[in-house]
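Enquirer: sharing a sequence plus its predicted fold:
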Amino acid sequence: MPGRMRKVYKTKQSFRSGGSGGVAYSDVTVYDYAHVDKPVAGCVRLKKGATVISQSQAKMLAIPQNAEGDLDWFEKDLDDFEIAEVDKGLEENGTADQSGLELTGNIKTVKTSKCSTQKAGNVYPLDIWYILSNYIQPEEISTFARLCHSAYTVVHSAHFWRQLYHRFFRVDISLPEALGPACVERCQGLRARVIQALYYLYPPFVSTCKLSRVFHDEPHQLEGKRCERCWYHHVSDNVWRFNFQLRTEGLGKRRLCYSNNGCVDLMNGYDDVFYNPLEGCCVLQVSCQNFMTHPMVMGLILTKVYLNVSQDMKHHKLRLVFDSQINAAQKGTLITQLVLDPVLNVRVFHWWDPQYHLVK
């Protein structure tokens, strides 16, 4: 019927030489898919155009016979192929390298997938890693712990942190009583106490805590932390300091272990070298020129920090946005804004900073 006749689109013919002649096939065009009717339930018959394309592709992938009239692949015997020799020792263990197996014939060369036969590395005794740990600098401990499982085990031992403390301990440097030589005898929280002591003893760490200039600390790094408490105190006639203690969510919580009878093990944690109740804590200290009241923000999460120039162009203005959820786009959240203006200085004290415990 002329009304229902469909246009025939010519496809570009290409030829590929193989064997004694060439096999013609057509490229798959967009019209082969755009003009195909929807399949009817129970009918899986392909259209004529798709069938022709499938047959032409099958002929293209077919292995042509050699012009010399050799036997077909399946008609050959095993002696007609050249098989590379495989190591007998590996063959007995069942771990022969498949990459060495190569079938060479006049028709086709088949290479199987290459298997990994790399030799395992050397495993050194744990005592060697303890000796090497005596030459590791404090800022390289993280890199040393990622070398291997043995180095990771050494870093998690109490002996490693005691040796690190005694390497940099000096009698002429005054330390708080909680960080004295007697503090390394107790295993619980040993790592945290050694880190705090290194900020008194290790010169590169000491230099990072010295105040270099005003507004040296970056308050934007505190976004996402929850405010645990806030307080203020009067420093001088025209200086007031507002302090906010913030903590990263999920850090600093002690994991409880249970004994065999299902009860909480009260003795758990006394040998935990990595125990640190101040993990993720920091104090944001804002020095202002005047006293100002601010809303209650304890328990809220700091989502945004804006530090701009004040209206008088002489000082800075700090705006803190607190929310009950980290994602402020959620409905039903409580958004609280705290504006401090004029601001003289902004400091951030982490839990390892010597000034952290001196903030009042």
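Expert: That came in fine, so what should we check first?

Enquirer: C-alpha only now, for contacts and for neighbours.
Expert: OK.

Enquirer: tell me, how many residues neighbour Cys271?
Expert: Actually, residue 271 is Asp. It isn't Cys. Asp271: 14 surrounding residues under other C-alpha atoms under 10 Å.

Enquirer: SS state for it?
Expert: Assigned state for Asp271: coil (three-state reduction, DSSP: H, G, I helix; E, B strand; the rest coil).

Enquirer: how close does it get to Gln196?
Expert: Distance of Asp271 to Gln196, computed by C-alpha to C-alpha, to the nearest Å: 19 Å.

Enquirer: and Pro295, by the same measure?
Expert: In this structure, Pro295 and Gln196 are 33 Å apart, going by C-alpha to C-alpha.

Enquirer: list the buried residues in stretch 278-295.
Expert: Of the residues in stretch 278-295, those with enough neighbours to count as buried (16 or more other C-alpha atoms under 10 Å) are 279-289, 291.

Enquirer: whoops, I mixed them up, stretch 296-305
Expert: Buried residues in stretch 296-305 (16+ other C-alpha under 10 Å): 297, 300-305.

Enquirer: just send those back as CSV, with distance to Gln355 too.
Expert: What follows is the buried residues of stretch 296-305, written out as CSV (distance: C-alpha to C-alpha, whole Å):
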residue, distance to Gln355
Val297, 23
Leu300, 25
Ile301, 24
Leu302, 22
Thr303, 25
Lys304, 25
Val305, 23
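
Enquirer: Val154: neighbour count?
Expert: The burial count assigned to Val154 is 20, neighbours taken as other C-alpha under 10 Å.

Enquirer: go on, Asp217?
Expert: Taking other C-alpha under 10 Å as the criterion, the count of residues near Asp217 is 16.

Enquirer: so what touches the helix or strand hosting Asp127?
Expert: Secondary structure assigned from DSSP states H and E places Asp127 in helix 126-133. With C-alpha atoms under 8 Å, 6 or more residues apart in numbering as the contact definition, helix 126-133 has outside contacts at 150-151, 154, 160.

Enquirer: and stretch 295-314, by the same measure?
Expert: Stretch 295-314 has contacts (C-alpha under 8 Å, 6+ apart) with 219-220, 222-230, 315-326, 328, 336, 338, 341-342.

Enquirer: derive a ChimeraX selection command for the buried subset of these.
Expert: The following ChimeraX line selects those of the contacts of stretch 295-314 that are buried, judged by 16+ other C-alpha under 10 Å:
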select :219,222,223,224,225,226,227,230,315,316,317,318,320,321,322,323,324,325,326,328,336,341,342
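
Enquirer: now, the contacts of stretch 295-314 that are in strands?
Expert: Secondary structure assignment (DSSP state E) places 226-230, 316-323, 336, 338, 341-342 from these within strands.

Enquirer: how near is the nearest residue in space to Asn276 that is not next to it in sequence to Leu201?
Expert: Distance criterion C-alpha to C-alpha, 6 or more residues apart in numbering; nearest residue to Asn276, sequence neighbours excluded, is Gly189 at 5.6 Å. Using C-alpha to C-alpha, we find Gly189 at a distance of 19 Å from Leu201.

Enquirer: and if you look at Ala158?
Expert: Spatial separation of Ala158 from Leu201 under the definition C-alpha to C-alpha is 19 Å.

Enquirer: need phi/psi at Tyr232.
Expert: phi -150, psi 160 (degrees, to the nearest 10).

Enquirer: that one against Leu284, yeah?
Expert: No - the criterion here is C-alpha atoms under 8 Å, and Tyr232 misses it with Leu284 at 11.3 Å.

Enquirer: any common contacting residues for these two?
Expert: Asn243.

Enquirer: wait, doesn't Ser324 sit right on Arg226?
Expert: No - counting by C-alpha under 8 Å, no contact exists between Ser324 and Arg226, whose distance comes to 9.2 Å.

Enquirer: OK, contacts around Glu223?
Expert: Taking C-alpha under 8 Å, 6+ apart as the definition of contact, the neighbours of Glu223 are 301-305.

Enquirer: in strands, which of the residues you listed fall?
Expert: The strands in this structure, assigned by DSSP E, contain 301-305 from the contacts of Glu223.

Enquirer: so can I have a markdown table of these showing pLDDT?
Expert: Listed next are those as a markdown table, based on pLDDT from 0 to 100:
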| residue | pLDDT |
| --- | --- |
| Ile301 | 91 |
| Leu302 | 92 |
| Thr303 | 91 |
| Lys304 | 91 |
| Val305 | 92 |
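
Enquirer: which pair of those residues spans the longest distance?
Expert: Set against one another by C-alpha to C-alpha, these have their most distant pair in Ile301 and Val305, with a gap of 11.4 Å.

Enquirer: beta-bridge partners for the closest residue to Val283 other than its chain neighbours, please?
Expert: Spatial nearest neighbour of Val283, chain neighbours left out: Gln245 (4.4 Å); criterion: C-alpha to C-alpha, 6+ apart. The partner list for Gln245 in beta bridges (DSSP bridges) reads Arg229, Val283.

Enquirer: done for today, thanks.
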